[in-house]
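S.K.: Okay, predicted coordinates and the sequence, questions at the end:
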Amino acid sequence: MSGTKLLADNRRARYDYFVSDSLEMGLVLVGTEVKSMKAAQFSFNDAWVDLDAAGELWIRNLHINPYKMAGLDNHDPDRRKKLLAHKEEVKKLRRQVDEKGFTLIPLDFHLKEGRIKVTVGVCKGKREYDKRNTIKEKDQKRDLDRELRRE
């Protein structure tokens, strides 16, 4: 992936949800938000994507810290941010969210050719036993990798 720099990854989402599909989208940000995000001064632990009646995608609970050098012209850290996607992609996401009970979760934020992008996953929540199976598979893979390195 040339020209791409990972800003943050939501590893917890892959533990708590089954990710069936993912889609890269752009964000509508103001200048100080871009500066803060490039400095990795944001958190999205409980962030989720809302699909409103007008067919627009909004990311909620994304906290972008105020930019230190901005002075009085700083942004609101907890405002909702609009996501940019094609109309066909939004229709596809709406069908999946409405019919199958999926939710939209941001998986990672990255810079691509100087622009901040977010990868949104179409996710379904895991049950407790699914999480235990995930941990078990991860441990088995780690043990197998150790054995292969010894040989």
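M.R.: That came through, no problem. In this text, all values refer to a predicted model and were calculated from it rather than measured experimentally. Numbers count the residues shown, from 1 in each chain.
S.K.: which residue is nearest the centroid of the protein?
M.R.: residue 106 (1.9 Å; Cα atoms, centre = their mean).
S.K.: element containing that one?
M.R.: For residue 106, the host element (DSSP states H and E) is strand 103-112.
S.K.: Other residues contacting the helix or strand that that strand is followed by?
M.R.: Downstream of strand 103-112, the next assigned helix or strand under DSSP H and E is strand 115-125. The contact list for strand 115-125 (Cβ atoms under 8 Å, 6 or more residues apart in numbering) reads 7, 13, 16-27, 29, 34, 37-38, 49, 57, 59, 83, 93, 96-97, 100-111. Where you see a C-beta, it was placed from the backbone N, CA and C, and this is true even at glycine.
S.K.: Strand 115-125 and the strand holding residue 106, what's the angle between them?
M.R.: 160 degrees (axes from the mean of the first three to the mean of the last three Cα atoms, to 10 degrees).
S.K.: What helices and strands are in contact with strand 103-112?
M.R.: Under the contact criterion of 3 or more Cβ pairs under 8 Å, 6 or more residues apart in numbering; DSSP states H and E, strand 103-112 touches strand 4-9, helix 11-16, strand 17-27, strand 48-51, helix 87-100, strand 115-125.
S.K.: Now do the first one, average pLDDT.
M.R.: If I follow you right, that is strand 4-9. For strand 4-9, the mean pLDDT works out to 86.
S.K.: which residues are contacting the longest helix belonging to the chain?
M.R.: The helix that spans the most residues within the chain, counting by DSSP state H, is helix 128-150. Helix 128-150 has contacts (Cβ under 8 Å, 6+ apart) with 15-16, 18, 126.
S.K.: mind saving the C-alpha coords of that helix as PDB?
M.R.: Output in PDB follows, covering the C-alpha atoms of helix 128-150 (Å, rounded to 0.1, in the frame of the first residue of the first chain):
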ATOM      1  CA  GLU A 128     -19.600 -14.500  24.500                       C
ATOM      2  CA  TYR A 129     -18.900 -18.000  23.200                       C
ATOM      3  CA  ASP A 130     -17.800 -16.500  19.800                       C
ATOM      4  CA  LYS A 131     -15.300 -14.400  21.600                       C
ATOM      5  CA  ARG A 132     -13.900 -17.400  23.400                       C
ATOM      6  CA  ASN A 133     -13.500 -19.200  20.100                       C
ATOM      7  CA  THR A 134     -11.700 -16.200  18.700                       C
ATOM      8  CA  ILE A 135      -9.200 -16.200  21.600                       C
ATOM      9  CA  LYS A 136      -8.800 -20.000  21.200                       C
ATOM     10  CA  GLU A 137      -8.000 -19.800  17.500                       C
ATOM     11  CA  LYS A 138      -5.600 -16.900  18.100                       C
ATOM     12  CA  ASP A 139      -3.700 -19.000  20.700                       C
ATOM     13  CA  GLN A 140      -3.600 -22.000  18.500                       C
ATOM     14  CA  LYS A 141      -2.200 -19.900  15.600                       C
ATOM     15  CA  ARG A 142       0.400 -18.400  17.900                       C
ATOM     16  CA  ASP A 143       1.500 -21.900  19.100                       C
ATOM     17  CA  LEU A 144       1.700 -23.100  15.500                       C
ATOM     18  CA  ASP A 145       3.800 -20.100  14.500                       C
ATOM     19  CA  ARG A 146       6.200 -20.800  17.400                       C
ATOM     20  CA  GLU A 147       6.600 -24.400  16.400                       C
ATOM     21  CA  LEU A 148       7.300 -23.500  12.800                       C
ATOM     22  CA  ARG A 149      10.000 -21.000  13.900                       C
ATOM     23  CA  ARG A 150      11.800 -23.600  16.000                       C
END
